[in-house]
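Visitor: next one to model:
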Amino acid sequence: MSAIENFERSFRVKAIAVFVCVLLVLFYRFISGTLFTGLGGFCCGLEYGNVFYHLFIKTGMPTFILSSHSMSVFFDLCLFVFPVLFLVTQRNVFAVLFTAVAVVYFLLFNMVTAHFYHGFFAVIIISIPFWSKNEMRFNLLWEGARYYLLYIFASAALWKIFRGSVFYQEQLSNILKHQQLDLLLQQSQSYQAHCVQYLIAHPEISHAVLIVNVVVQLCFAFGFFTKKFDSLLFILAIVFCAANYFVMGITSTELLVLNLTLLNWEKIEALLPNKMLFQQSR
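Guide: Numbering: from 1, shown residues only. So this is what the prediction gives:
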């Protein structure tokens, strides 16, 4: 098999893995009623203090999209159709168009909810490498997506360390009192609520949990220097997101789309049958 065929196979396999995961994320958001049609109107809660959101509002796109149900439906369809068209045709223009619509959705979602939610940004980042079928550019962008995942975790650990919050024993206990208030009031008898209550009542235990959290996040810094631990980091990312939801009630599973950059794709492709060698669309 030639080098070009190897790259085409690798590109195709990664494209299927990435955009199937992206479609699953979009489907979950659709049934949750949080895509364009579910935003229900326009709120400029994040207009002030952020130049990007301010300029985005000035373009008139938020009002143009959300003031018309038909336009919201159209943009919802674009989010699903562009990934499918890209997988079928392998034309880079559809990957570019998907990224563009995903950026618009990302901005609108944050503006309507008046909250800087960063999880969906992973979907945007992971789609960018597929803008190009040039092997060098694709690999460079793919590595860039991997480094972005490492940065997310490592910088979060350094932020806690440099701010000193990791050294404050009651830090997590106090956070849980506010973060999990709805859980404690509405599902006070659940197993999750009992665990949260225990952590609040025992600051020394919750502080240990916080330290473990920081150590796990800091482990991702090793990825900047070597790929030897990528398999371990892959598992740690999943464990972190699951624990983050259970303890903090924070859903960050969309970040796991970037976890695909930590996989050993040479081994994965070696296990695939020859029929997975798709011919490049002309």
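
Visitor: contacting residues for residue 166?
Guide: Going by Cβ atoms under 8 Å, 6 or more residues apart in numbering, residue 166 touches 160, 210-211, 214. Where you see a C-beta, it was placed from the backbone N, CA and C, and this is true even at glycine.

Visitor: any chance of these in JSON lines, with neighbour count and pLDDT too?
Guide: JSON lines is the format used below for the contacts of residue 166 (neighbours: other Cβ atoms under 10 Å; pLDDT from 0 to 100):
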{"residue": "160", "neighbour count": "20", "pLDDT": "93"}
{"residue": "210", "neighbour count": "24", "pLDDT": "93"}
{"residue": "211", "neighbour count": "14", "pLDDT": "94"}
{"residue": "214", "neighbour count": "18", "pLDDT": "94"}
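
Visitor: now the element after the lowest-mean-pLDDT helix or strand in the chain, going C-ward?
Guide: The weakest-scoring helix or strand in the chain, judged by mean pLDDT, DSSP states H and E, is helix 51-58 (a mean of 79). Heading C-terminal from helix 51-58, the first helix or strand you meet, by DSSP states H and E, is helix 61-66.

Visitor: C-alpha coordinates for the helix or strand just after that following helix, PDB please?
Guide: Sequence order places helix 69-89 as the next helix or strand after helix 61-66, per DSSP H and E. What follows is helix 69-89, C-alpha atoms only, in PDB (Å, rounded to 0.1, in the frame of the first residue of the first chain):
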ATOM      1  CA  HIS A  69     -38.600  29.400  13.100                       C
ATOM      2  CA  SER A  70     -38.000  28.300   9.500                       C
ATOM      3  CA  MET A  71     -34.400  29.800   9.700                       C
ATOM      4  CA  SER A  72     -33.800  27.900  13.000                       C
ATOM      5  CA  VAL A  73     -35.000  24.700  11.400                       C
ATOM      6  CA  PHE A  74     -32.700  25.400   8.300                       C
ATOM      7  CA  PHE A  75     -29.600  25.900  10.500                       C
ATOM      8  CA  ASP A  76     -30.500  22.800  12.600                       C
ATOM      9  CA  LEU A  77     -30.600  20.800   9.300                       C
ATOM     10  CA  CYS A  78     -27.300  22.200   8.300                       C
ATOM     11  CA  LEU A  79     -25.700  21.000  11.500                       C
ATOM     12  CA  PHE A  80     -26.700  17.400  10.600                       C
ATOM     13  CA  VAL A  81     -26.500  17.500   6.800                       C
ATOM     14  CA  PHE A  82     -23.000  18.900   6.300                       C
ATOM     15  CA  PRO A  83     -21.300  16.100   8.300                       C
ATOM     16  CA  VAL A  84     -23.200  13.500   6.400                       C
ATOM     17  CA  LEU A  85     -22.400  15.100   3.000                       C
ATOM     18  CA  PHE A  86     -18.700  15.300   4.100                       C
ATOM     19  CA  LEU A  87     -18.700  11.600   4.900                       C
ATOM     20  CA  VAL A  88     -20.400  10.700   1.700                       C
ATOM     21  CA  THR A  89     -18.500  12.900  -0.700                       C
END
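
Visitor: the closest residue to residue 205 other than its chain neighbours: how many residues sit nearby?
Guide: Nearest residue to residue 205, sequence neighbours excluded (Cβ to Cβ, 6 or more residues apart in numbering): residue 199, at 6.1 Å. The number of residues packed near residue 199 is 21, by other Cβ atoms under 10 Å.
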